[in-house]
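Trainee: Turn this into a model:
(chains A and B)
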There are 2 protein chains.
Amino acid sequence: MKIYFATHNPGKVREFKEILNGIAEVEPIDVEYTEIQSDDPQQVARVSAKELAEQYQKPIVVEDSGLFIDALNGFPGVYSAPIHKQIGLSGILKLMEGISDRTCSYRSAVGYCSPGSDAVTFLGIERGTLATQESGSHGFGHDPLFIPEGSSQTYAQMEDVSKVKQFRRRAVEQLVEWLKSK
Amino acid sequence: MKIYFATHNPGKVREFKEILNGIAEVEPIDVEYTEIQSDDPQQVARVSAKELAEQYQKPIVVEDSGLFIDALNGFPGVYSAPIHKQIGLSGILKLMEGISDRTCSYRSAVGYCSPGSDAVTFLGIERGTLATQESGSHGFGHDPLFIPEGSSQTYAQMEDVSKVKQFRRRAVEQLVEWLKSK
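Mentor: Predicted coordinates:
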């Protein structure tokens, strides 16, 4: 089978292709789509996957991820990307000044839908802590602040960051299991 | 004519009724609706008004407002309400520590749509500065920080705050002019 991935991110396409290898062929589909506002990333992915599947009459997968800081009630969360453009990494560090609980998680929500069916969604979570300063130049977004559990380095300090990241992989692997069970 | 206002906020309903008095009857409609993600508040209002007008087959008005801080590239902006729940007023003050440019604006986007027509939107802007500490207990949201241009007090220090606020009024008055011209 063939799954159409609504993304402009070639790195995500490579990752999906690798994980779905042998299960489904992944083809990027070049489309701008609007996401709904919700504090639940799975709800956002569900609505997008359903709308795109009906619009294109193809099996569609979407993915969105964000950083959720425990002491800030999940901020920046679902709106990580637009908030990063506004306040940057320095804004996050400033908000965390004097706060000792620096635990956080990266979360990836994957939505999948075939035309005429309900959408299904999968959540991948990776726990970590927030560094006290930016470190590293690999990856993107909040990677220079995110220290995954069990590591002493930020994601941005790891040369093979795209292979090391677990949160998206965990969501996509759930999709693989679901597709196998169909 | 009758306009249906999709809101759960009785204060906004009173304000709309007063400004639209003699032009249209305003009736609140009790509905949960999802907004799209966009950094353009008018685009958010446009899509909501159109969807609700077609769904209910009635003329629909929607309104959403937020605080846009110049030095923070418009943060918290369109997502003011959810971000306020996460980081509160103290988060805004922390982000603004050491920043001398404290100019900001409250912005209200009003969307209106009749079934079968395109939606129209109106933007009301009120300029102000951000206080260095919370003051006052009237109003809601970011009112304890917002000092409107020409004032030395925050909105929350004004007992008649709902009558004093200009940004929403400015948007609704544009709707009035538009309705009159039809």
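
Trainee: Output the helix-or-strand element of chain A with minimal mean pLDDT as PDB, restricted to C-alpha atoms.
Mentor: Sorting the helices and strands of chain A by mean pLDDT, DSSP states H and E puts helix A:161-164 at the bottom, at a mean of 86. Taking Å, rounded to 0.1, in the frame of the first residue of the first chain, the C-alpha atoms of helix A:161-164 are listed here in PDB:
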ATOM      1  CA  VAL A 161      20.300  13.600  16.200                       C
ATOM      2  CA  SER A 162      17.700  12.600  13.600                       C
ATOM      3  CA  LYS A 163      18.400   9.000  14.300                       C
ATOM      4  CA  VAL A 164      18.600   9.400  18.000                       C
END
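
Trainee: Report the buried residues of that helix.
Mentor: A:161, A:162, A:164 (16 or more other Cβ atoms under 10 Å in any protein chain shown). The C-beta positions use only the backbone N, C-alpha and C, and glycine is treated the same way.

Trainee: try stretch A:114-125
Mentor: Under the neighbour-count criterion of 16+ other Cβ under 10 Å, stretch A:114-125 has A:114, A:119, A:120, A:121, A:122, A:123, A:124 buried.

Trainee: Stretch A:48-60 too?
Mentor: A:48, A:49, A:50, A:51, A:52, A:53, A:58, A:59, A:60.

Trainee: Which of these sits closest to residue B:138?
Mentor: Minimum distance to residue B:138 across the buried residues of stretch A:48-60 is 39.5 Å, recorded for residue A:48 (Cβ to Cβ).

Trainee: Can you tell me the closest non-neighbouring residue to that closest one?
Mentor: Distances taken as Cβ to Cβ, 6 or more residues apart in numbering or on different chains put residue A:62 closest to residue A:48, at 4.7 Å, once the chain neighbours are dropped.

Trainee: Dig out what that neighbour forms beta bridges with.
Mentor: residue A:111 (DSSP bridges).

Trainee: Next, the buried residues of the helix or strand hosting residue A:17.
Mentor: In this assignment (DSSP states H and E), residue A:17 forms part of helix A:10-19. Across helix A:10-19, burial judged by 16+ other Cβ under 10 Å covers A:12, A:15, A:16, A:17, A:19.

Trainee: can you tell me which two in these are farthest apart?
Mentor: Counting by Cβ to Cβ, the most remote pair of these is A:12 and A:19, 10.7 Å apart.

Trainee: And the most centrally placed residue in chain A, how far from residue B:138?
Mentor: By Cα atoms, centre = their mean, the mean C-alpha position of chain A lies nearest to residue A:65, the distance being 2.4 Å. As judged by Cβ to Cβ, to the nearest Å, residue A:65 and residue B:138 stand 40 Å apart.

Trainee: One more: residue A:120?
Mentor: 47 Å.

Trainee: Quick one: name the residues of chain A near chain B.
Mentor: With Cβ under 8 Å from any Cβ of the partner chain as the criterion, chain A meets chain B at residues A:34-39, A:44, A:47, A:72-75, A:77, A:79, A:82-83, A:85-87, A:91, A:94-95, A:97.

Trainee: count of neighbours near the residue lying closest to residue A:153 once chain neighbours are set aside?
Mentor: In this structure, residue A:153 finds its nearest non-sequential neighbour in residue A:147, 6.7 Å apart by Cβ to Cβ, 6+ apart. By other Cβ atoms under 10 Å in any protein chain shown, 18 other residues sit near residue A:147.

Trainee: OK, contacts around residue A:147?
Mentor: A:128, A:129, A:130, A:131, A:153, A:154, A:155 (Cβ atoms under 8 Å, 6 or more residues apart in numbering or on different chains).

Trainee: One more: residue A:171?
Mentor: Neighbours of residue A:171 in contact, by Cβ under 8 Å, 6+ apart: A:63, A:108, A:109, A:110, A:122, A:123, A:124.

Trainee: switch to 6 Å and redo it
Mentor: When contacts are counted by Cβ atoms under 6 Å, 6 or more residues apart in numbering or on different chains, residue A:171 touches A:108, A:110, A:122, A:124.

Trainee: Between the two ends of stretch A:34-45, how far is it?
Mentor: Start and end residues of stretch A:34-45 are separated by 11 Å (Cα to Cα, to the nearest Å).

Trainee: Since that was my last question, I'll sign off now.
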